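K.L.:
Sharing a model that was predicted from the sequence below.
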Amino acid sequence: MRAPKIVTFAGSIRTGSYSASLAALAARDMALMNAEPVLLSLADYPLPIYDGDLEAAEGVPAPARQLRDQLASADGVFIVTPEYNAGLPPLLKNALDWVSRVKSSEGDAFKGPVYAIGSSSPGALGGYRAAMMLRQTLALGLGCLVLAEQAMVPGAAQAFDEQGGLKEERSQRQLRAVLAALIDQSALRAGLRA
């Protein structure tokens, strides 16, 4: 029986992004946890700011369709968000908005996979406020099944070691617990496990 496919990506494309570091660590950990991780970067899916007139005139951009296909083909999705001004980064929100506009009869990018959330911030809350906004967008706005568990990394500027791991054991345990729950629920939902 195949391992569940878990797509992971960060809501930031900044060089040295803490969220991208956490997404990369999650992909590395999942490869050791009976999953097939797929690490994406939103830099590979450049999109204009969502505009209904642009969509009406030109249709949904190809990168939105490509990102939608990646999400729809996954059994689970782990999104890591940074926190910008106590909220969700526009890059991530814009990508989700465009993907939601793709019409397709081949799977559902939001109602098919199980979703889980990670967040990071140099501050003490670890991106908690952005994570709550992402949860609202995914669960209420897009109808996703989002796990209650989430992984937050506060003090992110000092949180990672030179190998890309988390220095604090508590944060590492929390991340692995979230990933284990995501893998398990994704496998169950996809019918890969009884």
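P.N.:
Sure, I can see it.

K.L.:
quick check: mean pLDDT across whichever strand or helix holds Phe9?
P.N.:
Here Phe9 sits within strand 5-10, counting by DSSP states H and E. What strand 5-10 shows for mean pLDDT is 98.

K.L.:
what do you get for stretch 144-164?
P.N.:
The model assigns stretch 144-164 a mean pLDDT of 96.

K.L.:
Quick check: end-to-end length of it?
P.N.:
In stretch 144-164, first residue to last residue: 30 Å (Cα to Cα, to the nearest Å).

K.L.:
what do you get for stretch 70-87?
P.N.:
One end of stretch 70-87 sits 25 Å from the other (Cα to Cα).

K.L.:
From Ile13, how far out is the closest residue to Gly123 other than its chain neighbours?
P.N.:
Excluding the flanking residues, the one nearest Gly123 by Cβ to Cβ, 6 or more residues apart in numbering is Pro154, at 6.5 Å. Where C-beta positions appear, they are placed from N, C-alpha and C, glycine not excepted. Distance, Pro154 to Ile13, using Cβ to Cβ, to the nearest Å: 22 Å.

K.L.:
Glu149 - that's part of a strand, no?
P.N.:
Yes - judged by DSSP: H, G, I helix; E, B strand; the rest coil, Glu149 forms part of a strand.

K.L.:
ok, the closest residue to it other than its chain neighbours - contacts?
P.N.:
Spatial nearest neighbour of Glu149, chain neighbours left out: Val178 (4.6 Å); criterion: Cβ to Cβ, 6+ apart. By Cβ atoms under 8 Å, 6 or more residues apart in numbering, Val178 lies in contact with Phe78, Ala116, Gly118, Leu147, Glu149, Gln150, Ala151.

K.L.:
Same check on Ala23?
P.N.:
Taking Cβ under 8 Å, 6+ apart, we find Ala23 in contact with Thr8, Phe9, Ala10, Leu39, Phe78, Val80, Gly118.
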